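Engineer: Need coordinates for the below:
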Amino acid sequence: MRKQKEPFIPLDEKSFQVASPESDSEERVNLQMAINQLKEVDKAITLLYLEECSYQDIAYIIGISASNVGYKLHEIKKKLRKSLNY
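Structural biologist: I've put the predicted structure just below:
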């Protein structure tokens, strides 16, 4: 019998740490505050991404290319990491 492959997990998901419910709630509040500080377009892209919309769907809604969505998400994640000191 063949060994089954592990499911693919993007690097961003592997880096999450398990936290207690109290700190998880605090982290969510901090994340929401950081998202609220973004430009309107970046905020919209972030919220659509968190709703698990595809890059193509986000591109259609926002009116940019799918590759630009990928670039913008990369930049947004960098801003959020910096804002949250990660």
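Engineer: Now do the buried residues in stretch 33-48.
Structural biologist: 34, 35, 38, 42, 45, 46, 48 (16 or more other Cβ atoms under 10 Å). The way it works is simple: take the backbone N, C-alpha and C, and place the C-beta from them, glycine included.
Engineer: okay but the first one is in contact with residue 85, surely?
Structural biologist: No. Counting by Cβ atoms under 8 Å, residue 34 sits too far from residue 85 to count as a contact (10.2 Å).
Engineer: on that earlier part again, from the buried residues of stretch 33-48, which single one is nearest residue 26?
Structural biologist: Within these, proximity to residue 26 (Cβ to Cβ) peaks at residue 34, which comes in at 12.6 Å.
Engineer: Low-confidence ranges, the chain, go.
Structural biologist: Along the chain, the model assigns pLDDT under 70 to residues 1-23.
Engineer: Swap in 90 and give it another go.
Structural biologist: Scanning the chain with the threshold set as pLDDT under 90 gives 1-27, 85-86.
Engineer: so how many other residues sit close to residue 58?
Structural biologist: 23 (other Cβ atoms under 10 Å).
Engineer: Could I get the full set of strands for this structure?
Structural biologist: Taking DSSP state E as the test, none of the chain falls into strands.
Engineer: what about the longest helix in it?
Structural biologist: Criterion DSSP state H: the longest helix present in the chain is helix 66-83.
Engineer: In helices only, show me the buried residues of stretch 33-48.
Structural biologist: Among the buried residues of stretch 33-48, the ones falling in helices (DSSP H) are 34, 35, 42, 45, 46, 48.
Engineer: Tell me the one of those residues nearest residue 73?
Structural biologist: Of all these, residue 45 has the smallest distance to residue 73: 6.5 Å, by Cβ to Cβ.
Engineer: And the closest one, how close does it get to residue 85?
Structural biologist: For residue 45, the distance to residue 85 (Cβ to Cβ, to the nearest Å) stands at 22 Å.
Engineer: With distance to residue 77 added, can I get the buried residues of stretch 33-48 in CSV?
Structural biologist: Converted to CSV, the buried residues of stretch 33-48 look like this (distance: Cβ to Cβ, whole Å):
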residue, distance to residue 77
34, 11
35, 11
38, 11
42, 11
45, 11
46, 9
48, 14
